[in-house]
Each structure stands twice: as structure tokens, then as C-alpha cells.
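[1] compute the structure for the input listed below.
(one chain, ligands or ions: 1)
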Amino acid sequence: MAHANGQQAVRVGIVGCGGIGRTHLRAYRNNRIAPVALVDAVPASAEAAAQEYGGQPYGDYREMFAQANLDAISVCTPPNVHREISVAALEAGIAVLCEKPMTTTLEDAEAIEQAAESTGRLFMPGHCHRFQPHVERVRQLIDAGELGLPRMFRFRIGFSFPKAQNSWFSDPDIAGGGILIDTHVHTVDVFRYLIGEVEQVTALTSTVDTPLGPALRVEDSAIMTVRSTEGALGVMEASWRTQPPEVQLTVYGTAARATVDYRSMQLRVQGAEDSEPRVVEVEEGNRFDREVAHFLACVRGEQSPRLTARDGVTAIRILMEAYRSQGVAVGG
Ligand SMILES: NC(=O)c1ccc[n+]([C@@H]2O[C@H](COP(=O)([O-])OP(=O)(O)OC[C@H]3O[C@@H](n4cnc5c(N)ncnc54)[C@H](O)[C@@H]3O)[C@@H](O)[C@H]2O)c1
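    Next up, the predicted model:
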């Protein structure tokens, strides 16, 4: 790692310069890091991103790992290639921040965890909602006892996503499934962060022709119910085919209820005696900027990772059990 202005400049590469690749590029820029190298299966995408953010464009990640002397990468490709790219990076001594879902099968997730263990390199799954300041604030309220004993959890993510029907998002071989693996990977991780480990899970999924688009090859809507080892219950709802957009997380405790509304970006708490919810102040911050800041600090050895390969493996295991619970064989 080179030194610039007294701070270690981490040599970062980006693998996959599509939608979320651009989000990572902005997050590194907001952390005053320009990429050293970028790669995309479509060379023009890497070249366009390099024009805008700097760095050497590549057409093959193996070549990039061999030549660019990288400390760290963000893996921002579709999920079916997360394993091969992450394992190759770890074996080349490169730390990995990998977009969710970690993989499309449990076997692939465990192979990455094994590679992280045997190389001693950092692998962090991109479970970005842990870095959402409002979610962190809910965790602080729980830790301070302000909600009482958390008994129930509800997270709904619903919106219209026309891209699903004509992209890899609805190709089970690339995505590993539909909205259950794509979106509930976030809600499962937030449940584990706020409430505890998942002991039991069930799911129901569906896809039908709708005015928002035709039935898909994967589920467009999914609900999951979970129970924690401490007996708290969670309901997780997600749909690519409901309007208006709604992203809302609620933790129900014995003393109070806390709700994060991602549309208004507000955290509201209401206790048993309160006639109205009160808005709780939350520090400003973008979850991707904060996720990347933490990843960089871990690569520099300044912080210990809040998320490791184990968290990615655990989320994939729960999601695979959710698919199995309704008798549909997807992924693992
Ligand atoms: N954290 C979040 O909130 C969030 C949001 C959106 C997407 N994602 C995740 O990010 C990942 C990418 O999603 P996206 O929306 O950016 O998809 P996208 O299709 O917009 O971009 C993916 C890019 O990866 C490139 N690519 C594919 N295979 C490659 C390979 N072998 N080597 C190099 N490049 C390759 C594609 O050409 C494309 O440019 C997925 O895992 C997705 O689930 C996460």
C-alpha cells in the first residue's frame, strides 16, 4: 500500500462496472479513493467507467489481478460469478468486498469462506443495510433497552422493477432465484443484526402475469417468516410488482415500537404511553459510503470487520432453507 498525504492509499479495483459498480465507484470517490483498475465483461463499460473515475480498464479480471498490484476489490457482477472472482482475488492476496447475494448456492458460499480462511484475506459480503445510520440507531435503541424486549420484526421492500423481466435478475442460472434471494438477503441480515440468529424459517413465493409485467422464470414476490433462537418472530415481505414503493422496517418490543421508513428517511419510535410517534434524530450518512469506508479501514488494519464470509454463508444458508421450505428446488 502506497502512502498519500500521510494516509495509506489502498489500491482498489472494481469488477463489474454496471449499476452497483457505479455506486461503489461513487462511494470510493466519496472516500477519496480513485480506482487503480476496472474490469467488465463488456470492455466498453470498463472504459466508460475509467473515463469518469480514472484507473486502467481491463477486459478480464485474471489479467487485472496479475498486473494491477491491487490491495482490494469490489465484486459488482451478477451473483453466479461471485465465487470464481472472489476466490481468485483472495488467492492473489486481494481483499474482497462482494455484492449481495454472496453466491447462488451454499456450496459456492462455503468455498469462498474456505478461501478466505486459507489465505487469511478479508472477505466482506455487501450487506449494506447494516451501514444505514437509521438501522444502526435502532440497534442502539435495542441495546439501551428503549424498546423493551424485541418480540417481533417486520421488513417490507416493495416496488415496481420492470428491469427484472429482461435482465439477468429473472434468470435463475445467473441470479440463483428471484426476489427472495435478491432482496431477502438484506432483510435476513438486518434481522440477524438487530434481533439475533435465525432458528427456523418458512417461505412462500409467487409469480403471475400482472399489469406491471408478465410472470417471470423466478418469483417476483416472496414472504418469509423466521423465528430467532430467543423466540422473536420476523415477517419479511418483498415484491417487484407492487405500488407505491414501500421500504419499511419495524421492530416491535415490549415497551416501544421503532419504524424506519426508507422513503421519508425517518426513524420514529412510539412507546406504550405515547399518543404519537416521535422522530428520533439520526446522523447523516449514505450506507454505501459508510460500507466502503469501513471496508477500507479494515484493509488498512484500522478496524475489525463488522461482516465476514461467515455472515454471507449464514444468510445464504437461511435463504436456501427458505426455498426448500416450500418444496421448490432453487440454487443449493
Ligand atoms: N446492495 C444493493 O443494494 C444492490 C443493488 C443492486 C444490485 N446489487 C447486486 O450487485 C450485483 C450487480 O448488480 P447490478 O445491478 O450492478 O447488475 P448490472 O447488470 O447492472 O451490472 C453487472 C456488470 O457486471 C458485468 N459482468 C458480468 N460478468 C462479468 C465478469 N465475469 N467479469 C467482469 N464483469 C462482468 C456486466 O457486464 C455488467 O456490466 C448483483 O449481485 C446484485 O444483486 C446490490
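[2] pLDDT of the host helix or strand of residue 139, averaged?
    Assessed by DSSP states H and E, residue 139 sits inside helix 133-143. What helix 133-143 shows for mean pLDDT is 98.
[3] same question for stretch 154-174.
    Stretch 154-174 comes out at a mean pLDDT of 97.
[4] check which helices and strands the helix holding residue 139 sits against.
    helix 179-194, strand 241-253, strand 256-261, strand 266-271 (3 or more Cβ pairs under 8 Å, 6 or more residues apart in numbering; DSSP states H and E). The way it works is simple: take the backbone N, C-alpha and C, and place the C-beta from them, glycine included.
[5] the next helix or strand after that helix close to the ligand?
    The first helix or strand that comes after helix 133-143 along the chain, using DSSP H and E, is strand 150-160. No: applying Cβ under 6 Å from any ligand atom, one finds strand 150-160 out of contact with the ligand, separated by at least 10.1 Å.
[6] contacts only, for whichever residue of the chain sits closest to the ligand.
    Residue of the chain nearest the ligand, by Cβ to the nearest ligand atom: residue 18 (1.9 Å). Listed by Cβ atoms under 8 Å, 6 or more residues apart in numbering, the contact set of residue 18 reads 40, 45, 76, 77.
[7] quick check: residues of the chain near the ligand?
    Counting by Cβ under 6 Å from any ligand atom, the chain sits next to the ligand at 15-21, 39-42, 45, 61, 76-79, 81, 99-100, 126, 128, 182.
[8] among these, the buried ones, what's the PyMOL command?
    Selection of the buried residues among these in PyMOL, burial being defined by 16 or more other Cβ atoms under 10 Å:
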select buried, resi 15+16+17+18+20+21+39+40+41+45+61+76+77+78+79+81+99+100+126+128+182
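[9] point out where the stretch 151-300 of the chain drops to low pLDDT.
    Scanning the stretch 151-300 of the chain for pLDDT under 70 picks out no residues.
[10] hey, where'd the strands end up in the stretch 201-332 of the chain?
    221-228, 233-239, 241-253, 256-261, 266-271, 278-280 (DSSP state E, counting those that start in this stretch).
[11] can you put those strands in a markdown table and add mean neighbour count?
    A markdown table is the format used below for the strands of the stretch 201-332 of the chain (neighbours: other Cβ atoms under 10 Å):
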| stretch | mean neighbour count |
| --- | --- |
| strand 221-228 | 22 |
| strand 233-239 | 22 |
| strand 241-253 | 18 |
| strand 256-261 | 20 |
| strand 266-271 | 17 |
| strand 278-280 | 13 |
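[12] coming back round to it: state the distance from the residue of the chain closest to the ligand to residue 42.
    9 Å (Cβ to Cβ, to the nearest Å).
[13] next one: residue 79
    17 Å.
[14] quick check, distance from the helix holding residue 139 to the centre of its chain.
    Chain-centre distance of helix 133-143: 18 Å, with Cα atoms, centre = their mean, to the nearest Å.
[15] what about dumping the CA coordinates of it to CSV?
    Provided in CSV are the C-alpha atoms of helix 133-143 (Å, rounded to 0.1, in the frame of the first residue of the first chain):
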residue,chain,number,x,y,z
PRO,A,133,-27.4,5.0,10.0
HIS,A,134,-31.1,4.5,10.9
VAL,A,135,-30.7,0.8,11.2
GLU,A,136,-27.6,1.3,13.4
ARG,A,137,-29.7,3.7,15.6
VAL,A,138,-32.4,1.1,16.0
ARG,A,139,-29.7,-1.3,17.2
GLN,A,140,-28.6,1.4,19.7
LEU,A,141,-32.2,1.8,21.0
ILE,A,142,-32.4,-2.0,21.4
ASP,A,143,-29.1,-2.2,23.2
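[16] hmm, who's touching that helix?
    Residues contacting helix 133-143 (Cβ under 8 Å, 6+ apart): 129-130, 147, 150, 190, 193-194, 249, 251, 253, 256, 258, 260, 262, 265-267, 269, 280, 282-285, 287, 290.
[17] what sits up against stretch 168-184?
    78-80, 101, 103-105, 157, 161, 163-164, 203, 205, 207, 216-222, 224, 236, 238-240, 319, 322-323, 330-331.
[18] who touches the residue most central in space within the chain in this structure?
    Central residue of the chain (Cα atoms, centre = their mean): residue 127, 2.9 Å from the mean position. Residues near residue 127 by Cβ under 8 Å, 6+ apart: 100, 185, 186, 189, 307, 311, 312, 315.
[19] grab the nearest non-local neighbour of the fifth one.
    The spatial neighbour of residue 307 that comes closest, neighbours along the chain excluded (Cβ to Cβ, 6 or more residues apart in numbering), is residue 124 at 5.2 Å.
[20] okay, now residue 214: neighbour count?
    11 (other Cβ atoms under 10 Å).
[21] now do the contacts for the nearest residue to it once chain neighbours are set aside.
    In space, and not counting its chain neighbours, residue 214 is closest to residue 165: 6.4 Å by Cβ to Cβ, 6+ apart. Residue 165 sits next to 213, 214, 216 when contact means Cβ under 8 Å, 6+ apart.
[22] dihedrals phi and psi, the last one?
    When read as degrees, to the nearest 10, the backbone of residue 216 gives phi -100, psi 170.
[23] surely it and residue 207 touch.
    Yes: contact status for residue 216 versus residue 207: in contact at 4.8 Å, counting by Cβ atoms under 8 Å.
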